[in-house]
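> here is my input, please return the structure:
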Amino acid sequence: MKIGSLLAAVVAAMTTTLSAQDIIYLKTGEALACRVDDLTDNIVNFSLLSDPGTAGGSARRTVPAAQVDYIEFDFREGEAAFFGRRHEASSEQLKGWWDFFFPHLHRPRSRAAAYGIAFAGALLREAPDTAATRALSIFDRIIERAWSADDVALAKQGRLQALMALGDLETATIEARLLASQTEDPGLLIEVNYLLAMADFQKLKDLEEEHPRWDEDDEVRPERNELYHRATDQFLWPHLFHATREEVAARGLAGAAGLSLFADEIDSARARWGDLIQLYPDTSFATEAKALLETHPSPSTAPTEPQP
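Sure thing, here's the model as predicted:
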């Protein structure tokens, strides 16, 4: 089923009464299989569902929210498949789920943050120039209220991307360096270093645009070179220290090659593309690297024009 058709079925299911098998875990250790009908910060209303084929309907109950440890909400009809593919969905498709789960953002085991992160990410992917402010607001709300530390970390990464899309490189750089200092998670460090590399690359472009003769300026040249070398190191970090994470290592090599190409260092760019193709041939970056290698011959081997 295509994701658009799947969403239509899911949205329809959201507006109907379903026999979803939610589970309420009480602080006493007891677990209640039920359907949650209403939930606030004070009470939980739920229905104990009768077994299929048996007589009788459901019995409605209420417990104080203070007695509840957490609730595992069952997937609604069609939701499980959509949730697994949420990062492929459009912002339009994700908005309904974010709105639906948003009131439960602060609740343990809620899927609200996961939908919000995917929704904000889709906004940045589809319209970074016009939707970055909205995406930033969503990431900030998740950082403020989400129950899961993992979701908060992902939202902080998203916030950095939104800040960069808004052109606020200074804030993005400061927050990225702070985030890097607060974690030892390799996956998070890889992403933060990549964002820092992208920020430094953009600063380098801006600096060279403002100072086209930077190489003749004794004050600007050191700053430009520092940005160049720092961005290169950050791009190459996963390749050098986490080479088994092939996709992000290849992404970093591609970024370093793009940086070398911008600096008109063709042989260096070709070396990065060559390493990418040889070491990470099955990644999504290998095909483009092959094409770039073919369209950018080495100046050192290019035939010279005959002298008159």
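> list the buried residues in stretch 84-102.
Within stretch 84-102, the residues that qualify as buried are 86, 89, 91, 93, 94, 97, 98, 100, 101, 102, counting by 16 or more other Cβ atoms under 10 Å. All C-beta atoms are positioned from the backbone trio N, CA, C, and that covers glycine.
> please produce CSV containing these, extended by secondary structure.
Shown next, in CSV, are those (DSSP: H, G, I helix; E, B strand; the rest coil):
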residue, secondary structure
86, helix
89, coil
91, helix
93, helix
94, helix
97, helix
98, helix
100, helix
101, helix
102, helix
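> and which of those residues is nearest to residue 214?
Here the nearest of these to residue 214, counting by Cβ to Cβ, is residue 91; it sits at 39.2 Å.
> you'd agree that closest one is up against residue 124?
No: under the criterion of Cβ atoms under 8 Å, residue 91 is not in contact with residue 124, lying 9.2 Å apart.
> joint contacts of these two?
Taking Cβ atoms under 8 Å, 6 or more residues apart in numbering as the criterion, residue 91 and residue 124 both touch residue 131.
> what's the closest non-adjacent residue to residue 227?
Leaving aside its chain neighbours, residue 227 sits nearest to residue 204 (4.3 Å; criterion: Cβ to Cβ, 6 or more residues apart in numbering).
> if I look at the one you found, how far off is residue 174?
18 Å (Cβ to Cβ, to the nearest Å).
> looking at the two, which has the bigger crowd around it?
More crowded of residue 204 and residue 174, by other Cβ atoms under 10 Å: residue 204, with 22 against 12.
> name the residues that touch the helix or strand encompassing that one?
If you go by DSSP states H and E, residue 204 is part of helix 186-210. Residues from elsewhere that reach helix 186-210, judged by Cβ under 8 Å, 6+ apart: 153, 157, 160-161, 164, 169, 172-173, 176-177, 179-180, 183, 214, 220, 223-224, 227-228, 230-232, 234-235, 237-238, 242, 245, 248, 251-252, 255, 258-259, 262.
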